[in-house]
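Model the following, please.
(one chain, ligands or ions: 2)
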Amino acid sequence: MSSPEPALVVRNISKTFAGGKALDSVSFEVGRGSIHALLGANGSGKSTLVKSLAGVQPADSGGFVTVGAETTSIESLTPAWARKHGLRFVHQNPGIFSDMTVADNMRMGVGFPNRFGSVSRAALNKQVTGVLEQFEVEVLPTAIMGDLRVADQTMVAIARALQRDEGEREISALVLDEPTASLPEEEVEILLAAIKRAARSGVGIIYISHRLEEVRSISDALTVLRDGREIITRSAEGITERELIAYIVGQPLSQMGAQRVSKAERGHVVAQMDGVWAGPLKDVSFDVRAGEILGIAGLLGSGRSELLKTFFGSQAVARGRVVIAGEEVELSRPIEAMNRGVALVPENRDVDASFSDLSVRENLSAATVSRFSRFGWIRGAYESAEARHSMTDFSIKAHSDSALMSSLSGGNRQKVILARWMRRHPKLLLLDEPTQGVDIGARADAYQIIRRAVDDGAATILVSSDLEELAEMSDRVLILSNGRITAEVTGDGLNRHHLTELVFMAREELK
Ligand SMILES: Nc1ncnc2c1ncn2[C@@H]1O[C@H](COP(=O)(O)OP(=O)(O)OP(=O)(O)O)[C@@H](O)[C@H]1O
Ligand SMILES: [Mg+2]
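Residues are numbered from 1 along each chain as shown. Ligands and ions are numbered 1, 2, ... in the order given. Presented below is the predicted three-dimensional model:
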């Protein structure tokens, strides 16, 4: 569908880090009004390419970028050049300030008119309303960002990227680095519609995502990277998911999911809630057994994450009984839960869980330090060997175990956090969106690793917006709606279609 005149041409972009080549002479063009998907496994170079185009991380010399009639060599591409030529970016994990208002968040964008050093609140709100309306984002500028739905937060981030100062030229290309990674399934459509609208107005769009179904539905063309090399650039028309996977992974995936354990292998009750009221949770009762994966399905705000946090000592309980390993507990801090063999892989990993200035090795052992420290110091060689073991197990891509966490790709950081908790051999494993942003190949590995922990007897509670994943991984799924359990699904009912129906039915009943 791309028109003859490209919005953006990328030629021979390379980037070398101390650990090796992250990009190797990548070239493609994005047509005006075309949605061009940029695909590849975790660590294949997608975000690195985005950062080079934005001028925030200099690429190696030798490459060129053309916008309209103007070309620049990649090494002299600055953020100012990009902005001036109408290139706009929403980076992976965009800077969203959840306790500030929408208007203040918008103002954090580059180049908001602020000529006199400050702007009146009324003027700011008015201006922001204008921008939001233009992109059909239905939120108030005075709303607190953290109160918005994730889709709306992402839309604000996109509107922020697309706002234009007086005298600035038209936007030529918008680059979106995994805008839907943290988006619940039901909100993805809203965002995709907004992206299509932007494309229809003539903007060329580079779209990064690990959700292949979504990629197939939205893109006109695509480029696949593998280990920094361009594997293919082609039209997206008629491409099958199987073909996409073959391009991305380099080989067909033998088995995507994991085998469900038969009911007979379920062991004793490891954890239990009995009439629990906690935060949004209302009168919740259920148990989870050794060797079982209990899935939790529900919309955003249903209380999914709070349910996990209640077992982890980070959500206060108002009423009811929480039982872990046969003992009623009153947890007030995560360390108390950890001492009882509970592990939580939280949803918001970059904020909650990773230490970006520390090495992969240190991040891996953050939850297990006592095993490595004797008399106060950490046994370095042992720690290092264990870290390398985890890196192989989880196929974590980093140049060594001493690489800084901040040098890892987004998906690889997530794998480090997952690995960190699995190494504790938890009795109760709490997983909040464990494969968000994890590529299709590594996802299969992660499933196997989770499955292994479960076979070793861990009781697992899995929260996921990916209902396909939930149906495939879980032995049993509870539907949570507005803090209440509204249904339990087992056996043949465990398919994506049925779960989707139940989740949405529960929502309709609330209305
Ligand atoms: N600052 C850095 N220092 C060293 N290596 C880096 C740095 N930034 C990125 N890399 C490496 O470059 C490679 C590509 O990373 P990049 O973030 O571009 O991957 P990605 O395709 O965006 O992956 P994901 O899907 O996980 O977001 C990775 O191997 C990563 O470890
Ligand atoms: Mg990335």
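
Alongside ligand 1, which residues does the chain contribute?
Residues of the chain lying close to ligand 1 by CB under 6 Å from any ligand atom are 17, 19, 22, 40, 42-48, 92, 397-398, 407-412, 439. From N, CA and C alone the C-beta is placed, and that goes for glycine too.

Now, these that are in helices?
Using DSSP state H, the subset of these located in helices is 46-48, 410-412.

can you count the residues close to the residue in the stretch 351-500 of the chain positioned nearest to ligand 2?
Closest contact between the stretch 351-500 of the chain and ligand 2, by CB to the ion, is at Gly410 (4.3 Å). The number of residues packed near Gly410 is 23, by other CB atoms under 10 Å.

now it: how far from Gly55?
To Gly55, Gly410 is 20 Å away according to CB to CB, to the nearest Å.

Identify the residue spatially nearest to the residue of the stretch 51-200 of the chain found nearest ligand 1, adjacent ones excluded.
Among the residues of the stretch 51-200 of the chain, Gln92 lies closest to ligand 1, at 5.7 Å counting by CB to the nearest ligand atom. Spatial nearest neighbour of Gln92, excluding adjacent residues (CB to CB, 6 or more residues apart in numbering): Asp177 at 4.1 Å.

correct me, but the one you found touches Ala54?
No. The criterion here is CB atoms under 8 Å, and Asp177 misses it with Ala54 at 9.7 Å.

Overlap in contacts, the two.
89, 91 (CB atoms under 8 Å, 6 or more residues apart in numbering).

These two: who's more crowded?
Taking other CB under 10 Å, Asp177 and Ala54 do not tie; Asp177 has more neighbours (23 against 19).

Give the bridge partners for that one, please.
For Asp177, the beta-bridge partners under DSSP bridges are Ile208.

quick one, what contacts it?
46-47, 50, 89-92, 208.

Check pLDDT for those and point me to the minimum.
When those are compared on pLDDT, Gln92 comes out lowest, with 78.

hey, what's Phe286 bridged with?
Beta-bridge partners recorded for Phe286 (DSSP bridges): Met273.

Please report the distance of it from His36.
Applying CB to CB to Phe286 and His36 gives a distance of 45 Å.

Compare these two (neighbour count), which wins?
Taking neighbours as other CB under 10 Å, Phe286 and His36 compare with His36 leading, 26 against 17.

Leaving out the residues flanking it, which one is nearest to the more buried one?
Val30 (4.4 Å).

So which bits of the helix or strand hosting that neighbour are buried?
For Val30, the element it lies in under DSSP states H and E is strand 20-31. Within strand 20-31, the residues that qualify as buried are 21-24, 26, 28-31, counting by 16 or more other CB atoms under 10 Å.

Which secondary structure element of this protein has the lowest mean pLDDT?
strand 373-374 (a mean of 44; mean pLDDT, DSSP states H and E).

How is Leu183 classified with respect to secondary structure?
Assigned with DSSP: H, G, I helix; E, B strand; the rest coil, Leu183 falls in the coil class.

Can you tell me the number of residues neighbouring it?
With other CB under 10 Å as criterion, Leu183 counts 25.

Now do the contacts for it.
Applying CB under 8 Å, 6+ apart, the residues contacting Leu183 are 150-151, 154, 191, 465.

Most neighbours of all these, which one?
Counting by other CB under 10 Å, top hit in these: Thr154 with 26 neighbours.

Let me see the contact set for the closest residue to it other than its chain neighbours.
Spatial nearest neighbour of Thr154, chain neighbours left out: Pro179 (5.3 Å); criterion: CB to CB, 6+ apart. Going by CB under 8 Å, 6+ apart, Pro179 touches 90, 154, 157-158, 191, 195, 207, 209.

again, but for Asp60
Going by CB under 8 Å, 6+ apart, Asp60 touches 14-16, 74-75.

Please identify the buried residues of stretch 70-87?
Quick answer for stretch 70-87 (16+ other CB under 10 Å): 72, 74, 77, 82-83, 85-87.

Could you list which of the residues you listed belong to helices?
82-83.

got CSV for the buried residues of stretch 70-87, with distance to Gly250 and pLDDT too?
Shown next, in CSV, are the buried residues of stretch 70-87 (distance: CB to CB, whole Å; pLDDT from 0 to 100):
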residue, distance to Gly250, pLDDT
Thr72, 33, 95
Ile74, 27, 94
Leu77, 30, 93
Ala82, 32, 92
Arg83, 36, 89
His85, 35, 93
Gly86, 35, 92
Leu87, 31, 94
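
near ligand 2, from the buried residues of stretch 70-87?
Among those, proximity to ligand 2 is found for none (CB under 5 Å from the ion).

Would you point out the most distant pair within the buried residues of stretch 70-87?
Spatially, the most separated pair among the buried residues of stretch 70-87 is Ile74 and Gly86, at 17.4 Å (CB to CB).

Parallel or antiparallel, which strands does the strand holding Val30 pair with?
Partners of strand 20-31 in the sheet, by DSSP bridges, are strand 6-17 (antiparallel).

Quick one: mean pLDDT over the strand it pairs with.
The model assigns strand 6-17 a mean pLDDT of 96.

and if you look at stretch 412-422?
Rounded mean pLDDT across stretch 412-422 is 81.

next one: it to chain centre, how far?
In terms of CA atoms, centre = their mean, to the nearest Å, the centre of stretch 412-422 is set 13 Å apart from its chain centre.

got it, and stretch 49-56?
20 Å.

With stretch 434-453 instead?
Using CA atoms, centre = their mean, the offset of stretch 434-453 from its chain centre is 13 Å.

Over to stretch 237-251?
Chain-centre distance of stretch 237-251: 21 Å, with CA atoms, centre = their mean.

same check, this time on stretch 169-185
13 Å.

Distance across it, terminal residue to terminal residue?
One end of stretch 169-185 sits 35 Å from the other (CA to CA, to the nearest Å).

Would you mind listing what in the stretch 351-500 of the chain touches ligand 2?
Residues of the stretch 351-500 of the chain lying close to ligand 2 by CB under 5 Å from the ion are 409-410.

Can you tell me the SS state at Arg234?
Note that with three-state DSSP, the state of Arg234 is strand.

and if you look at Leu225?
Applying three-state DSSP: Leu225 is strand.

What separation is there between Ala157 and Lys51?
Taking CB to CB, one finds Ala157 at 16 Å from Lys51.

Give me the nearest residue to Asn42, chain neighbours excluded.
Gly411 (3.0 Å).

Tell me the pLDDT of the spatially closest residue to Leu148 that is not a sequence neighbour.
Spatial nearest neighbour of Leu148, excluding adjacent residues (CB to CB, 6+ apart): Val139 at 5.9 Å. According to the prediction, Val139 has pLDDT 83.

hang on, isn't Val139 packed against Asp152?
Yes. Val139 lies in contact with Asp152 (CB under 8 Å); the separation is 5.2 Å.

Quick check, Leu344 in contact with Pro334.
Yes. Look at Leu344 against Pro334 with CB under 8 Å: they come within range, at 7.3 Å.

higher neighbour count, the two?
Leu344 (26 against 15).

tell me which element that one falls in.
Leu344 is located in strand 342-345, with elements delineated by DSSP H and E.

Off-centre distance for stretch 493-511?
Counting by CA atoms, centre = their mean, stretch 493-511 comes out at 23 Å from the chain centroid.

Residues contacting that stretch, please?
Contacts for stretch 493-511 (CB under 8 Å, 6+ apart): 185-186, 260, 297-299, 467-468, 470-471, 474, 476-477, 479, 481-482, 486-487, 489.

What residues of it count as buried?
493-494, 498-500, 502-503, 506-507.

Kindly report the same for stretch 231-244.
For stretch 231-244, a neighbour-count test (16+ other CB under 10 Å) marks 231, 236, 239, 244 as buried.

so of the residues you listed, which ones are in strands?
Ile231 (DSSP state E).
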